[in-house]
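J.: Next input, structure requested:
(chains A and B)
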Amino acid sequence: MELKVGGQGPDDYEMDRERLYLVGSQCSACQAVFYPQQQVCARCGSREAEKIRLGPQGTLYTWSRVHQSTPEFQTPYVLTYVDFPQNVRVLVPLVDEVSPVVGMEVELVWAPGPRLMEDGTLVNLIHVRPVNR
Amino acid sequence: MNDVYVVGVGMTPFGKHPDRSAADLAAEAILGALDDAGLRTVDIEAAWVGHVYQGMAMGQRGLGAAGISGLPITNVENACSSGSTAIYEAATALKAGAYDIVLALGVELLSTKFRGALAPDESDIEAQIGLTMPSVYAMRARRHMEQYGTTPRMLAAIASKNKFNASLNPLAQFKKPVTVDEVMAGRLIAEPLHLHECAPVSDGAAAVILVSGKKLSQLGSSRAIRLVASALRSGKLEVGLPDMTVEDLTWRTAEAAYQQAGLGPDDVQMAEVHDCFSIAEATRIEGLKLYPLGEYPARVERGEAGLGGRLPVNMSGGLLGKGHPLGATGVAQVIEIVKQLRGEAKDRQVPGAKVGLAHCRGGKARGVEGTACTVNILTI
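T.: Numbers count the residues shown, from 1 in each chain, chains lettered A, B, ... in the order given. So this is what the prediction gives:
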């Protein structure tokens, strides 16, 4: 059974020369950037927007290692907010076995977890990992 | 606009009540508030009922269990601010002159519905990749530590203070003080937050009776407390890279309340704030401008927020100590301020308090820092 996870659909990312980008939207009127794509601008109300690539690198703004969660997740796992140079912040899990540090440069990558399928296997989700690993 | 007064308060003990119904808890709080006010069930002209997970027509079930029916009843859902939003709506109707005696109730029976960490609604895309409420606040705590030198022990001191306050409140869920070392030795829920730094799953109900100034002069209650401000705001969709330690929503709500009251942060003598997590008490207090940004946790460690301190915060025990039955929380905060201003808070009485503030905010949706926030200011 396919599990639908928001922000991880075919319109939400692009691969280009083995690098992974998120695809957000940029308001055509005021340039505000949103991820996932948003039809109406939250800042100015304009309904004109264009797609914009986010990443592939960003800066780790904050993090937490989550030890207790809802049953759909395998704990522990690390969540981070990543600031992208396109002026937008996105929640992204960090790959396993990495010690998070605020300010660390990270890049987007596909990796399993922390979400579980009904059969107990891990879902492949967009993560970040440290650059130059 | 009409003045608004609180003339009656009632609440159940907060804690686990899996053998009771939400309606039964609601009835206990309502009847307690009526007795406190010296009013009868038929005196209530309209009611607003805050809850989050109690299903359709909770208000009608709860009031019905107290023998009240037929009047205008409005059910209110605004995440953790549901109960305080009920107070806001009730006060707004009184100010407009629509009624003279109204009821605001908050109720929640959670222990039979939930275990573990609460998460945003399952349709939220951040919840779908693992965001839980503890992790939202854990990530704010990490930033507070990075930017201001806040330490895990300072955050643990907030939890320890509130558990101690709860030990002085017979209606609180937690009866036993917890030391800073015990907080630090607890299991981690979302780093850097430990078990005692997270509000528990709780059941309970709380009710207040509000009257117009005109009705108060007819009733002649000497224990009435004036609600001088009641403000409600929602989180703005965030654009760009906002500072996660700054509570814009709390400040916009507080600014509206201070303005209504004709008071400022310096006038506030005690506060009940929404400490769903230890770090939350810090960002609320700083968001209300009761302390400069980044300074509060260190001041708690020095005892400034306890009984006898410069600004007692969460003398009821707060959400961490008193418990957090979502819908009932915002009403119970106002009840604590009323008891304090009446001088009826017994062992935890703040001497001579004349101005108290209750702050409640909650919920998380993608793109906003918080969903709903209320600030109520009360004076004698």
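J.: wouldn't A:Arg19 be in contact with A:Pro56 here?
T.: Yes: counting by C-beta atoms under 8 Å, A:Arg19 touches A:Pro56, with 4.4 Å between them. No exception for glycine: its C-beta is placed from N, CA and C like everyone else's.
J.: Show me the strands in chain B, by range?
T.: Ranges of strands in chain B, per DSSP state E, are B:4-11, B:46-50, B:73-76, B:101-109, B:188-190, B:193-194, B:203-212, B:225-234, B:270-272, B:355-362, B:372-379.
J.: cool, and chain A?
T.: Taking DSSP E, the strands of chain A run over residues A:13-16, A:19-27, A:33-34, A:49-54, A:57-66, A:77-84, A:88-94, A:105-116, A:122-130.
J.: Show me which of A:Arg19 and A:Pro56 is the more surrounded one.
T.: In this view A:Arg19 and A:Pro56 are compared by other C-beta atoms under 10 Å in any protein chain shown, and A:Pro56 has more residues nearby, 21 against 14.
J.: so that one touches A:Arg17, yeah?
T.: No: A:Pro56 sits out of contact with A:Arg17 when judged by C-beta under 8 Å, with a separation of 9.9 Å.
J.: Up against chain A, what does the stretch 1-150 of chain B have?
T.: If contacts are counted using C-beta under 8 Å from any C-beta of the partner chain, the residues of the stretch 1-150 of chain B sitting beside chain A are B:116-117, B:119, B:123-126, B:128-132, B:134-135, B:138-140, B:142-143, B:146.
J.: residues contacting B:Glu182?
T.: In this structure, B:Glu182 makes contact with B:160, B:196, judged by C-beta atoms under 8 Å, 6 or more residues apart in numbering or on different chains.
J.: picking up where we left off before, find the residues that touch each one of A:Arg19 and A:Pro56.
T.: When contacts are counted by C-beta under 8 Å, 6+ apart, A:Arg19 and A:Pro56 are jointly contacted by A:107-108.
J.: Quick one: closest of the strands of chain A to B:Leu63.
T.: In terms of C-beta to C-beta, the element of these nearest to B:Leu63 is strand A:57-66, at 39.9 Å.
J.: what's the neighbour count on A:Asp119?
T.: The local packing count at A:Asp119 equals 6, with neighbours defined by other C-beta under 10 Å.
J.: my bad, should have said B:Asp266
T.: 8.
J.: Give me the most central residue, chain A.
T.: For chain A, A:Val92 is the residue whose C-alpha lies nearest the centre (C-alpha atoms, centre = their mean; 4.0 Å).
J.: doesn't A:Trp110 make contact with that one?
T.: No: the pair A:Val92 and A:Trp110 does not pass the contact test of C-beta under 8 Å, sitting 11.5 Å apart.
J.: For B:Leu307, which of the strands of chain B is the nearest?
T.: Nearest to B:Leu307, of all those, is strand B:270-272, at 9.8 Å by C-beta to C-beta.
J.: how far out from the middle of the chain is the closest one?
T.: Here the centre of mass of C-alpha atoms in strand B:270-272, compared against the chain's by C-alpha atoms, centre = their mean, to the nearest Å, lies 10 Å away.
J.: can you give me the mean pLDDT across that strand?
T.: Per-residue confidence for strand B:270-272 averages out to 98 on the pLDDT scale.
J.: quick one, what contacts B:Asn314?
T.: B:161-162, B:165, B:271-273, B:275, B:281, B:305, B:320-321.
J.: Name the nearest residue to it, sequence neighbours excluded.
T.: Beyond its immediate neighbours in the sequence, the residue positioned closest to B:Asn314 (C-beta to C-beta, 6 or more residues apart in numbering or on different chains) is B:Asn162, lying 5.1 Å away.
J.: All set, thanks.
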